[in-house]
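> predicted structure and sequence below. I'll ask about it afterward.
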Amino acid sequence: MFIRSGQTKIALEKECFDAVEEALASKKYRWLRVAAIRANEAFENSADLLIRQRTHSSLARGNYVCALLEHCGLVKYSLMVNKKVIELP
């Protein structure tokens, strides 16, 4: 699947979604932070970091993947202190 961000086409591969699903389904994480600090640095315990590790890519795609999963009702957004996270509903 490709999405467009400005003039850039960004690929959201199956591996991106698998990384998030496996982390939450295995109960390794109760919740995941969503994004990166900046385009080059992913937060620890974030969907973005898991996606980067899984795909061996430095692209920041955590926000896009989490938004799609939330839109489908598979995860919900929450705030943990001041951190935007996703968790299973």
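Sure, I can see it.

> other SSEs contacting the biggest helix by length in the chain?
Longest helix in the chain by number of residues (criterion: DSSP state H): helix 14-25. For helix 14-25, the helices and strands in contact under the criterion 3 or more CB pairs under 8 Å, 6 or more residues apart in numbering; DSSP states H and E are strand 31-33, helix 47-55, helix 62-71, strand 83-87. (C-beta placed from N, C-alpha, C; glycine too.)

> nearest to Glu15, of those?
For those, proximity to Glu15 was assessed by CB to CB; helix 47-55 is nearest, at 5.0 Å.

> show me the contact partners of the helix or strand Arg4 falls within.
Per DSSP states H and E, Arg4 falls inside strand 2-5. Here strand 2-5 makes contact (CB atoms under 8 Å, 6 or more residues apart in numbering) with 9-12, 64.

> and after the helix or strand bottoming out on mean pLDDT in the chain, which helix or strand comes next?
Within the chain, confidence by mean pLDDT, DSSP states H and E is lowest for strand 36-38 among all helices and strands, at a mean of 64. Beyond strand 36-38 in the direction of the C-terminus, DSSP H and E gives the next helix or strand as strand 41-42.

> and that next one, which strands flank it?
strand 36-38 (antiparallel) (DSSP bridges).
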